[in-house]
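1. Here is my input; please provide its structure:
(2 chains)
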2 protein chains.
Amino acid sequence: MGLFLEPCSRIISFGLFVVMILLTTSAVEARVRHYKWEVKYQFQSPDCFRKLVIAINGKTPGPTIIAQQGDTIIVELKNSLLTENVAIHWHGIRQIGTPWSDGTEGVTQCPITPGETFIYKFVVDRPGSYLYHAHYGMQREAGLYGSIRVAVPDGVVEPFTYDYDRTIILNDWYHKSTYEQATGLSSKPFVWVGEPQSLLIHGRGRFNCSSPTIGSSDTCNTTSPDCDPYVLTVVPGKTVRIRLSSLSSLSALNFEIEGHNLTVVEADGHFVEPFVVKNINVYSGETYSVLVTADQDPSRNYWAASNVISRRPTTPTGLAILNYYPNHPSKTPPSTPPTGPLWNDSDYRLAQSLKIKAHPSHIVAPPVESDRVIILLNTQNEVDGFRRWSVNNVSFNLPHTPYLIALKKRFKHKVFDQMPPPDTYDYKNYDINIVQPNPNATVSNGIYRLKFNSTVDIVLQNANTMNPNNSETHPWHLHGHDFWVLGYGKGKFDPIEDPKKYNLVNPIMKNTVPVHSMGWTALRFVADNPGVWAFHCHIEAHFYMGMGIVLEEGVERVKKLPTSIMGCGETKSLIRP
Amino acid sequence: MGLFLEPCSRIISFGLFVVMILLTTSAVEARVRHYKWEVKYQFQSPDCFRKLVIAINGKTPGPTIIAQQGDTIIVELKNSLLTENVAIHWHGIRQIGTPWSDGTEGVTQCPITPGETFIYKFVVDRPGSYLYHAHYGMQREAGLYGSIRVAVPDGVVEPFTYDYDRTIILNDWYHKSTYEQATGLSSKPFVWVGEPQSLLIHGRGRFNCSSPTIGSSDTCNTTSPDCDPYVLTVVPGKTVRIRLSSLSSLSALNFEIEGHNLTVVEADGHFVEPFVVKNINVYSGETYSVLVTADQDPSRNYWAASNVISRRPTTPTGLAILNYYPNHPSKTPPSTPPTGPLWNDSDYRLAQSLKIKAHPSHIVAPPVESDRVIILLNTQNEVDGFRRWSVNNVSFNLPHTPYLIALKKRFKHKVFDQMPPPDTYDYKNYDINIVQPNPNATVSNGIYRLKFNSTVDIVLQNANTMNPNNSETHPWHLHGHDFWVLGYGKGKFDPIEDPKKYNLVNPIMKNTVPVHSMGWTALRFVADNPGVWAFHCHIEAHFYMGMGIVLEEGVERVKKLPTSIMGCGETKSLIRP
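-> Below is the predicted model:
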């Protein structure tokens, strides 16, 4: 109780704390960064429409974690939601040696119950731009997310230069609660969440409050300071590094700054062979660094725009302002905001994906061969009248005893399906271009068990949904690892021919990749991180509807589990270690 | 997973199960009544406005538990809420020998996490009309409630006769979610929940869908079958026993059936010296049985009405239909519905409370003296800018390690304030009729520890709120006990004079009593039920805002606690017993 001070004094005392650390720690020694967060419901109007959000210390997006490679992050997370649990995933952090801190409810921990303070502790072992967000139910889209920025060690130089950096998280935003959405998704008949009401740029958007669907005027107010557009101030002639990411619930997004080139230099924490684009496609769960030089007419401001791609857009462009100092930040740009590329130009998106390669001086070569190939067909299904997503015809369901505990403690009472899901599908006969006559699938929480230190290829194969001539883009995110992106292709993956075209020379490493509509994506990783790791579509509704798998590797090497991750399912009242 | 069949087959198999029990158990032997419930969010329109409700097996109100004195009730409760916990209290059941089954989150158990199946098992040791409802956060008002009906043993005759019985739960209904309400209540500035949108009679009401506050027409539909009015069909000349109760969130209610007298025969499971009223005041948490004889013109139907009392009503009358067989149930009564007594006629309400006395042949005499007198002043306060309710200037806060476990297991690490709240207030100097100049209070989770088997008097004293000339009605509910209602009074309780007027001859026993505005209520009970028991205002927002206390008695006599109640706070990873 006394642990949590009032917001202001907390910020001040935390500030002092950080200053103390800065003063007392030598520059080369890894630091401990200690955060105290309180997670709570509150009313906010990110797009001018007032609704409940889940905030951290009163904010959504939450505080940015700023650290340096090798630092230890400690987040003391107090759950002050009334009746609702929580868990936070540190997206892109591999959790080497701390798999119990991955924050994935049902996989690595029990949910944190109301009133409880849970301590996440992990090392940020690589520099780069990362994210954090709720990983429980559909809470992420209630606003529980933020970013992690890890600097290179002192004396280490990045392969590009810039004058300062800024963080921008793109997002889409719904007015209905996650409960309403989830209830619809799991109802018969199925009720789809629909397209989002707004696109947010770093937590700020603008809904049309005069829309006839708004009930009373007190719920929508365009003068609310919550929905002032995000302003990125630049100094003429200087270069800003934008650490750009997306945590959208549904939408694939395209980001563009009117009249300014974007030079892509980082993807998911890995240096990229720089390339210049007019705009960049960002899929949910991805992070990029792009360099922007303020080299345009400095007498005006410019629009920064986020647009929906890969789904027919019904959500208006999300807008922020690129403000040329010393113009007033609220000076409206005298131009029409960018509308982005054609939403259905999948060739454009595929081509941009293919451009992303490792920086020549930062290539980490992948193993030339893999020990196991898993081909995962992504399909939309109907199971007992419920709409689901499946992988190789298995629709994933989380268990309520976390895998990590069940496997490490070798529970005799089996708490998940012991039948592993299949490594492939009938690719010879399956027609990915049609609506399948039998949309049935199996619901299971079985997992893939990998040989420790083995090299694993995963090919994600897209297919037609249950609607004719329709295939969606799925951004898949792997926990606990970075993987090499070996290739993308159109149509059906050919397991004999396509691997011959893999990029084994300079593939980028990432933790999230898109699987383009009607296409495939191939990736490789080494199963060298003891733990249990989720791999799933990062679209909130898709994972909820079954589009994911879980991988285990070397769980016997995992150190003693902290008791704080227990308390649910079969982990209730374990013997205190 | 396999445990839960589809709703229809579940009902059928449960039906078979009950039939089996009926066939195989002799009539005099106590039965085991086994229920399988799934708690889940779903969309319903109880008052024609579509919103998320928390349903049991698809229903709100949930299934009625029908049992006989001495039966054992087993409820296997599966929590299928996505990210939200749950706990269910069996209101009026004393839980003798099973204090861990009282279902009070933070007091007797950890909340039941999503995916978990918790087994409540208890004996219904007394006949009568009882309730069950969520006892966690403000979940009750999301629709998670129902009734328990316990018959007298075979061969035992009740002191009144009737032809058949029906259950009616009165309620008020909000359109905002419990999250929105709770967030407002705990915000600075305070946002009051306001008056309810509708009054429900057994889960059915009618909101005016043409109200301008309704956004889109798809959320409000007066033709939804969910909001067909409740119909009570009577056979001319016959007498129905209505087991009437209220689980309102806020409102005190008055129930009336046009043109028909109500004979009150039971209160909170105790037989009443019968008295006849035109209408009956029912406070949240109370149950009554009233007899109604169908002795009016049988050619028409009649209105049954629920009206707000004790607060200025802005919520329209709730309506049901008393249907004279064989008229059509939907035949609209040709008359104006009853509007109830004057909302601010507190004398009327006090007089009716005073009428409720034990039936002459069922008097249980109270001990003539008490060992301890606790006087509890109920006040509205402001603590650090938060609006709260307090008792003797202590605003109650639930801990996150349940008291029952902490006390029984003698936790060395103290999980609640060890300072007990005070037994009285400065009644000589405190002016109950004014707004207090200093509205501050202490927030605490300290408890009252009672000597086992001692006789305890509690006097609940009402006072002015933080608004001038305003005092509210508070229905207080005691867990684990029935108490004798020794007296009600107007103004300030005089600890010397007023006890002389106590009714020690034929006081009714109850588990819930109103404390009338600007008045007091005195009750007595014997602390003979080992356990830890909540005693609190049954208004959902008031308890949430601190209006409650907790009593402990004989916790050392409590048998071995089931591990299923653990898993939260300091009970995580206890040694498995």
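
2. in the stretch 251-400 of chain A, which spans are helices?
-> Along the stretch 251-400 of chain A, counting by DSSP state H, counting those that start in this stretch, helices occupy A:346-355.

3. Over in it, which residue gets nearest chain B? Let me know.
-> Of all residues in the stretch 251-400 of chain A, A:H400 sits closest to chain B, at 3.1 Å by C-beta to the nearest C-beta. Every C-beta, even on glycine, is put in place using the N, C-alpha and C of the backbone.

4. For that residue, give me its contacts.
-> If a contact means C-beta atoms under 8 Å, 6 or more residues apart in numbering or on different chains, then A:H400 has A:G106, A:V415, A:C568, A:G569, B:T113, B:P114, B:G115, B:E116 as its contacts.

5. wouldn't the first one be in contact with A:Y403 here?
-> Yes - contact between A:G106 and A:Y403 holds when scored by C-beta atoms under 8 Å: they sit 7.5 Å apart.

6. Identify the residue spatially nearest to the residue of the stretch 251-400 of chain A closest to chain B, adjacent ones excluded.
-> B:G115 (3.1 Å; C-beta to C-beta, 6 or more residues apart in numbering or on different chains).

7. Tell me if I am right that that neighbour is in a helix.
-> No - under DSSP: H, G, I helix; E, B strand; the rest coil, B:G115 falls outside any helix and is assigned coil.

8. Looking at it now. What's its pLDDT?
-> If you check B:G115, the pLDDT there is 94.

9. contacting residues around it?
-> For B:G115, the contact set (C-beta under 8 Å, 6+ apart) comprises A:L398, A:P399, A:H400, A:C568, A:G569, B:N79, B:S80.

10. Top of the residues you listed by number of neighbours, please.
-> Using other C-beta atoms under 10 Å in any protein chain shown as the neighbour criterion, A:C568 leads the contacts of B:G115 with 26 neighbours.

11. Let me see the contact set for A:G259.
-> Counting by C-beta under 8 Å, 6+ apart, A:G259 makes contact with A:Q296, A:Y302.

12. Torsion angles phi and psi at it?
-> With angles defined as degrees, to the nearest 10, A:G259 sits at phi 70, psi 0.

13. re the thing from before, of the contacts of B:G115, which is the nearest to B:H479?
-> B:N79 (21.5 Å; C-beta to C-beta).

14. okay but A:Y41 is in contact with A:I56, surely?
-> No - between A:Y41 and A:I56 there is no contact under C-beta under 8 Å: 11.6 Å.

15. measure the residue of the stretch 251-400 of chain A closest to chain B to B:A142 for me?
-> Using C-beta to C-beta, to the nearest Å, A:H400 is found at 22 Å from B:A142.

16. Over to A:H481?
-> On the measure of C-beta to C-beta, A:H481 and B:A142 end up 41 Å apart.

17. Please say which of those two ends up with more neighbours.
-> For the pair A:H481 and B:A142, the greater number of neighbours falls to B:A142 (26 against 22), based on other C-beta under 10 Å.

18. residues near the residue lying closest to that one once chain neighbours are set aside, how many?
-> Using C-beta to C-beta, 6+ apart and skipping residues adjacent in sequence, the residue nearest B:A142 is B:I54, 4.3 Å away. Neighbourhood size, B:I54 [other C-beta under 10 Å]: 24.

19. pLDDT value on the residue nearest to A:I201 when sequence neighbours are not counted, please?
-> Of all residues not flanking A:I201 in the chain, A:A320 sits nearest, at 4.1 Å (C-beta to C-beta, 6+ apart). Looking at A:A320, its pLDDT is 98.

20. Next: A:K414.
-> On the pLDDT scale, A:K414 is placed at 81.

21. Please tell me how far it sits from A:N393.
-> Applying C-beta to C-beta to A:K414 and A:N393 gives a distance of 22 Å.

22. With neighbour numbers in mind, choose between those two.
-> Taking other C-beta under 10 Å, A:K414 and A:N393 do not tie; A:N393 has more neighbours (19 against 11).

23. With adjacent residues omitted, what lies nearest to that one?
-> A:A441 (4.9 Å).

24. For that neighbour, give its distance to A:T521.
-> A:A441 is 21 Å from A:T521, by C-beta to C-beta.

25. Among the two, which residue is more densely surrounded?
-> Between A:A441 and A:T521, counting by other C-beta under 10 Å, A:T521 is the more crowded of the two (25 against 22).

26. and the more buried one, what are its phi and psi?
-> Per degrees, to the nearest 10, the backbone of A:T521 is at phi -140, psi 130.

27. Was I right to think it contacts A:P507?
-> No - counting by C-beta under 8 Å, A:T521 does not reach A:P507; the two are 11.7 Å apart.

28. joint contacts of these two?
-> Counting by C-beta under 8 Å, 6+ apart, the contacts common to A:T521 and A:P507 are A:V485.

29. Neighbours of A:V368, how many?
-> By the criterion of other C-beta under 10 Å, A:V368 has 9 neighbours.

30. Which residue, other than its chain neighbours, is closest to it?
-> A:L504 (6.1 Å).

31. Surely that neighbour is in contact with A:A365?
-> Yes - the pair A:L504 / A:A365 is scored as a contact, 7.4 Å apart, by C-beta under 8 Å.

32. if you count what's nearby, which of those two comes out ahead?
-> The neighbour comparison of A:L504 against A:A365 (other C-beta under 10 Å) goes to A:L504, with 15 against 11.

33. Next one: the more buried one relative to A:G184, how far apart?
-> For A:L504, the distance to A:G184 - C-beta to C-beta - is 44 Å.

34. Identify the bridge partners of A:V272.
-> Counting by DSSP bridges, A:V272 is bridged to A:A358.

35. Apologies, that question was intended for A:T293.
-> Applying DSSP bridges to A:T293, the residues it is bridged with are A:T239.
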